[in-house]
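Student: sequence first, predicted coordinates after that:
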Amino acid sequence: MNQETENISPATNEKFFTKPIIIIFITVFIDLVGFGIVIPALPYYVEGEAVYLLANPGRSFR
């Protein structure tokens, strides 16, 4: 075996893999929380836009 690979301890190797995984989990968690807030609120936004579009025919954006 190579001298360099023998010097790497399991604790160092474990830290190398756990930090990126924690960052990925935090990113996915924040993303899912965002979807959990936005998706239930979408019908209210669509309803508001539909009322605006029906009140102002011929316009597609505010």
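Tutor: Everything's here; your move.
Student: all helices of the chain, in order?
Tutor: Using DSSP state H, the helices found in the chain span residues 3-6, 10-55.
Student: quick check: mean pLDDT of the last one?
Tutor: To tie it back to what came earlier, the one meant is helix 10-55. Helix 10-55 shows a mean pLDDT of 83.
Student: packing partners for it?
Tutor: For helix 10-55, there is no helix or strand it packs on, judged by 3 or more CB pairs under 8 Å, 6 or more residues apart in numbering; DSSP states H and E. All C-beta atoms are positioned from the backbone trio N, CA, C, and that covers glycine.
Student: for N56, grab phi and psi.
Tutor: When read as degrees, to the nearest 10, the backbone of N56 gives phi -130, psi 80.
Student: ok, now how distant is it from E49?
Tutor: From N56 over to E49 the distance is 11 Å, taken as CB to CB, to the nearest Å.
Student: mind exporting stretch 35-47 as CSV, just the C-alpha atoms?
Tutor: C-alpha atoms of stretch 35-47 as CSV (Å, rounded to 0.1, in the frame of the first residue of the first chain):
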residue,chain,number,x,y,z
PHE,A,35,-42.2,24.3,-1.5
GLY,A,36,-44.3,23.5,1.6
ILE,A,37,-45.0,27.2,1.9
VAL,A,38,-45.5,28.2,-1.7
ILE,A,39,-47.6,25.3,-3.1
PRO,A,40,-50.4,25.6,-0.5
ALA,A,41,-50.5,29.4,-1.2
LEU,A,42,-50.7,29.0,-5.1
PRO,A,43,-54.5,28.8,-5.3
TYR,A,44,-54.8,32.2,-3.6
TYR,A,45,-52.4,33.8,-6.1
VAL,A,46,-54.1,32.1,-9.1
GLU,A,47,-57.5,33.3,-7.8
